[in-house]
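> Prediction below, plus the sequence it came from.
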Amino acid sequence: MSTISELRHILGTCRTIAVVGLSPQWHRPSFFAAKYMQAHGYRIVPVNPMASEILGERSYPSVTAAAADHRIDMVDCFRKSEDIPPLAEEAIAIGAKCLWLQLGVVNEEAAARARAAGLAVVMDRCVKIEHARLFGGLNWAGVNTRVISAKRPQQLPY
């Protein structure tokens, strides 16, 4: 379970995100989440072997191929839980800081392997929802963010 301070640290330091399984279709959750993060100053590196370009960025067939052209901080996985172990190995091999598994995606063995290699691991959470919750996007709509503070959160420098 990631704490609020851990999530803030991850989202504050991981500025280049390889999104594995990013769909070029605007109505898919991966597209929506990546577009939101891109609009908030993050560099999105699509990883989808079936597309050549998504969100104005070149799409790569694998995390390793993306890492040849970009310094990847976070590997954000929109894949089934059973597809995660090789992605975790790629994240470790390229020196990523974080392995993020989206809502509904949990793989304890891959997470343990990534943690043992020094990566932060977040499972069963959406990067877009967590960013909005922790950096002031959801509370304006009356959503209970479970973050109690007398101070407004510091905004990311973008």
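Cool, the structure landed. Residues are numbered from 1 along each chain as shown.
> Which parts of the chain are helices?
4-13, 29-39, 63-69, 84-94, 108-116, 127-134 (DSSP state H).
> between those helices, which gets nearest to V19?
The closest of the helices of the chain to V19 is helix 29-39. By CB to CB, the value is 4.9 Å. Every C-beta, even on glycine, is put in place using the N, C-alpha and C of the backbone.
> For I54, which of the helices of the chain is the nearest?
Ranked by CB to CB, the member of the helices of the chain that lies closest to I54 is helix 29-39, at 7.4 Å.
> follow-up on the earlier one: kindly reformat the helices of the chain as TSV and extend each row with distance to S23.
Below are the helices of the chain laid out as TSV (distance: least, CB to CB, whole Å):
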stretch	distance to S23
helix 4-13	22
helix 29-39	5
helix 63-69	16
helix 84-94	16
helix 108-116	22
helix 127-134	14
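> Tell me the buried residues in the worst-scoring helix or strand of the chain on mean pLDDT?
The weakest-scoring helix or strand in the chain, judged by mean pLDDT, DSSP states H and E, is helix 127-134 (a mean of 91). Counting neighbours by 16 or more other CB atoms under 10 Å, one finds that the buried residues in helix 127-134 are V127, K128, I129, E130, H131, A132, R133, L134.
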